[in-house]
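1. dropping a prediction and its sequence here:
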Amino acid sequence: MSSVRVRFAPSPTGALHIGGVRTALYNYLLAKKTGGTFILRIEDTDETRYVPGAEDYIVHALKWCGILPTEGPGIGGDYGPYRQSERKAMYGKYAQQLIDGGNAYYAFDTSDELNALRKEYESRKETFRYDSSTRDQLKNSLTLSESEVKERLESGEPYTIRLKIPRDESIQFNDLVRGSVTFQSNEVDDKIMLKGGGMPTYHLANIVDDHFMKISHVIRGEEWLSSTPHHVYLYRFLGWEDTMPEFAHLPLILKPTGKGKLGKRDGAKFGFPVFPLSWEGATEEDSFEGFKEFGFDPAAVLNFLAFLGWNPGTEQEIFSLDELAEAFSVERIGKSGAKFDYEKAKWYNQQYLMAKNGEELAVMVRPFVEAKGYEVSDDYLAKVCEMMKERVSLIPDFVENGYYLFEGVKEYDEKTIRKKWKPERQESFDQLAILINNADPFNAEKLEAVVKGFVSDTGLSFGDVFPILRIAISGTMKGPSVFDMVALLGKEEVASRLKKAYAYFNEVSQAV
């Protein structure tokens, strides 16, 4: 395979949607698999939609995910600059080349005139398109005399440069995902290549940059499939057809219902993240919480995203980034849209959390602990994480589900208390509290032996004792081993909790 050079080319118009992260991931995996180059290029030609902070967000999001570009803004490379706004001077030359070759034309129609035409077509229940069927009736260099065109240009009248799509042709190209794709040129509009002020549109800048950055494969979303005929024509008209990259158009990521593309506001609607990191927009409606803040391991997010449209052809589901790269092939990307399954995303995260040791998890959990105002040592937190890791799906769950390991019990399982607590047994349970306090060494193994000995000596059943002890310590029947919890909390805290719990259990029993 010749040198693989791929690019992820987002526009800084807001937060990077998770679909964009998947596109970046697939590009990255192909480059990594082949020893190629993964480029980040910022396509900021649309000045009206530029959002301050969006480029930094994109860079930080890719860094958090572990998808690190080889070339790009702030990184460098031999094919920069990597922001299109910094390459503005070069695009006019190729727009003029299109004009000179008869493959583009000046259009002087104003926005108001074109909007009026659209409304006129709508009144007839038709759709207006600036194309080979309409351009001969519009105000452009194909319908105006050469002298009038010259006069308009010299007077500084605003204009755009539009691509001149030929009539009655078939445009065929191969897509690595979809196979052979054919469009009829009469269905393709004359897209603007250069806007007023000399700023190129996405289409011209995209092709010029891909050519000079020697891009070998263009892996992008399905929504760009309909623009590919324009791009094929541009490669042909500019004389670059022999070096045109291979195309691969990715399937959509669908809403959990399977109906429609997953949008940026669907996260708020369904209660899950659709952005890698949180984003503070101008309004509350445009502000979103990200996968990071929800408590996801970035490696789990990438594993989950990789399977939204691709599969390795095996039963294996858990892959490291290196393993994903080794297994990845564009040809195994499916054509059909992939439903976003949040429960599956949490499952992936759970697998990654369970695979880590307590010390690794403590580093990830620490920010959530501090946000709650808890003060615990690294050693203590690592032990909490180790005993909780098989019972959580998200990082905040360590703190939310296991809060009783950081503070006293706030709520008790009263239903179980009513079934299991007998006030006449309190004297026996007081004796159990003494036995626990005297356990030496004070570890889970010894504590288990003490409690089992107490059960044997008193004639009570395990079902009489264990639920009471567990609820007294944690308030719930769920959670880690009761002996691990008692050993972790220590003698003083456990004695305090048992005393408080027994008193509360008596109140509950009397209230029945």
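-> Cool, the structure landed. Numbers count the residues shown, from 1 in each chain.
2. might one say that Arg178 is in contact with Leu250?
-> No - using C-beta atoms under 8 Å, Arg178 is not in contact with Leu250, being 10.2 Å away. Using the backbone N, CA and C atoms, a C-beta is placed for each residue, glycine as well.
3. neighbour count: the two, which is higher?
-> Neighbour comparison, Arg178 and Leu250: the larger count goes to Leu250, with 26 against 16 (by other C-beta atoms under 10 Å).
4. what bridges to that one?
-> Here Leu250 sits in beta bridges with Gly221, going by DSSP bridges.
5. that one against Tyr26, yeah?
-> Yes - using C-beta under 8 Å, Leu250 is in contact with Tyr26, at 6.6 Å.
6. got any residues that touch both of these two?
-> Ile219, Ile333 (C-beta atoms under 8 Å, 6 or more residues apart in numbering).
7. in stretch 306-325, which residues are buried?
-> Ala306, Phe307, Leu308, Gly309, Trp310, Pro312, Phe319, Leu321, Leu324, Ala325 (16 or more other C-beta atoms under 10 Å).
8. from those, pick the one nearest Arg236.
-> Arg236 lies nearest to Gly309 out of the buried residues of stretch 306-325, by C-beta to C-beta, at 29.9 Å.
9. restricting to C-alpha, output stretch 356-370 in PDB.
-> The C-alpha trace of stretch 356-370 is given here as PDB (Å, rounded to 0.1, in the frame of the first residue of the first chain):
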ATOM      1  CA  LYS A 356      -8.100  -1.500  36.400                       C
ATOM      2  CA  ASN A 357      -6.600  -1.800  39.800                       C
ATOM      3  CA  GLY A 358      -7.700   0.300  42.800                       C
ATOM      4  CA  GLU A 359      -4.800   2.800  42.400                       C
ATOM      5  CA  GLU A 360      -5.500   3.500  38.800                       C
ATOM      6  CA  LEU A 361      -9.200   3.900  39.600                       C
ATOM      7  CA  ALA A 362      -8.500   6.200  42.500                       C
ATOM      8  CA  VAL A 363      -6.800   8.700  40.200                       C
ATOM      9  CA  MET A 364     -10.000   8.800  38.000                       C
ATOM     10  CA  VAL A 365     -12.400   8.900  41.000                       C
ATOM     11  CA  ARG A 366     -10.500  11.600  43.000                       C
ATOM     12  CA  PRO A 367     -12.100  14.600  41.200                       C
ATOM     13  CA  PHE A 368     -15.600  13.300  41.900                       C
ATOM     14  CA  VAL A 369     -14.700  12.600  45.500                       C
ATOM     15  CA  GLU A 370     -13.400  16.200  45.900                       C
END
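10. mean confidence for it?
-> In this model, stretch 356-370 carries a mean pLDDT of 97.
11. in this structure, which ranges drop under the pLDDT threshold?
-> 1-2, 512 (pLDDT under 70).
12. and it, what are its domains?
-> 5-71+252-345, 85-250, 357-405, 414-511 (automatic domain parsing).
13. I'd like these laid out as CSV, including distance to Gln351.
-> Listed next are those as CSV, based on distance: least, C-beta to C-beta, whole Å:
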stretch, distance to Gln351
domain 5-71+252-345, 6
domain 85-250, 25
domain 357-405, 10
domain 414-511, 19
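14. tell me where the stretch 101-250 of the chain has strands.
-> Assigned by DSSP state E, counting those that start in this stretch, the stretch 101-250 of the chain shows strands spanning 104-107, 160-163, 170-175, 179-184, 192-194, 217-221, 246-250.
15. wait, I meant the stretch 251-400 of the chain
-> Using DSSP E, counting those that start in this stretch, strands in the stretch 251-400 of the chain cover 253-254, 338-339.
16. these: which one's closest to Asp379?
-> strand 253-254 (41.6 Å).
17. for that closest one, packing partners?
-> Contacts defined by 3 or more C-beta pairs under 8 Å, 6 or more residues apart in numbering; DSSP states H and E place strand 253-254 against helix 18-34, strand 338-339.
18. go through the ones you listed and pick out the most buried.
-> helix 18-34 (a mean of 23; mean count of other C-beta atoms under 10 Å).
19. got the CA positions of it in CSV?
-> C-alpha atoms of helix 18-34 as CSV (Å, rounded to 0.1, in the frame of the first residue of the first chain):
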residue,chain,number,x,y,z
ILE,A,18,-19.6,12.1,19.0
GLY,A,19,-20.1,11.2,15.4
GLY,A,20,-17.2,13.4,14.6
VAL,A,21,-15.1,11.6,17.1
ARG,A,22,-16.0,8.3,15.4
THR,A,23,-14.9,9.8,12.1
ALA,A,24,-11.6,10.9,13.6
LEU,A,25,-11.2,7.4,15.2
TYR,A,26,-11.6,5.5,11.9
ASN,A,27,-9.1,7.8,10.2
TYR,A,28,-6.7,7.4,13.0
LEU,A,29,-7.1,3.6,13.0
LEU,A,30,-6.3,3.3,9.3
ALA,A,31,-3.2,5.5,9.7
LYS,A,32,-2.0,3.5,12.7
LYS,A,33,-2.7,0.2,11.0
THR,A,34,-0.7,1.1,8.0
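20. skip ahead from that helix and say which helix or strand is next.
-> strand 37-40 (DSSP states H and E).
21. show me what that following strand is packed against.
-> strand 5-8, helix 18-34, helix 54-65.
22. make JSON lines from these and add distance to Met199 to it.
-> What follows is the helices and strands packed on strand 37-40, written out as JSON lines (distance: least, C-beta to C-beta, whole Å):
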{"stretch": "strand 5-8", "distance to Met199": "20"}
{"stretch": "helix 18-34", "distance to Met199": "23"}
{"stretch": "helix 54-65", "distance to Met199": "17"}
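23. tell me which of the ones you listed lies nearest to Gln97.
-> Using C-beta to C-beta, the nearest of the helices and strands packed on strand 37-40 to Gln97 is strand 5-8, at 22.7 Å.
24. can you list contacts of the closest one?
-> Residues contacting strand 5-8 (C-beta under 8 Å, 6+ apart): 20, 23-24, 27-28, 30-31, 36-41, 62, 69, 210, 213-219.
25. same thing but at 6 Å, please
-> Outside strand 5-8, the residues that touch it by C-beta atoms under 6 Å, 6 or more residues apart in numbering are 24, 27, 30-31, 36-41, 214-217.
26. out of those, which are buried?
-> 24, 27, 30-31, 36-41, 215-217.
27. identify the residues contacting Cys364.
-> To be clear, residue 364 is Met; Cys isn't right here. Contacts of Met364 (C-beta under 6 Å, 6+ apart): Ile395.
28. separation between it and Lys33?
-> Going from Met364 to Lys33 by C-beta to C-beta, to the nearest Å gives 29 Å.
29. and for Pro69?
-> For Pro69, the distance to Lys33 - C-beta to C-beta - is 16 Å.
30. circling back: widest-spaced pair of the contacts of strand 5-8?
-> Longest span within the contacts of strand 5-8, C-beta to C-beta: Ala24 and Lys214, 19.1 Å.
31. the closest residue to Gln350 other than its chain neighbours: neighbour count?
-> Distances taken as C-beta to C-beta, 6 or more residues apart in numbering place Ser393 nearest to Gln350, at 4.7 Å, with adjacent residues excluded. Applying other C-beta under 10 Å, we find 18 other residues in the vicinity of Ser393.
32. can you check the one 10 residues further on too?
-> Look at Tyr403: counted by other C-beta under 10 Å, it has 17 neighbours.
33. before we move on, what about Ala444?
-> Ala444, neighbours per other C-beta under 10 Å, totals 18.
34. dihedrals phi and psi, the closest residue to it other than its chain neighbours?
-> Nearest non-adjacent residue to Ala444, counting by C-beta to C-beta, 6+ apart: Phe483, 4.0 Å away. Main-chain torsions, Phe483, degrees, to the nearest 10: phi -70, psi -40.
35. quick check: the residue lying closest to Asp131 once chain neighbours are set aside vs Gly19, distance?
-> Spatial nearest neighbour of Asp131, excluding adjacent residues (C-beta to C-beta, 6+ apart): Asp189 at 4.5 Å. Per C-beta to C-beta, Asp189 is found 25 Å from Gly19.
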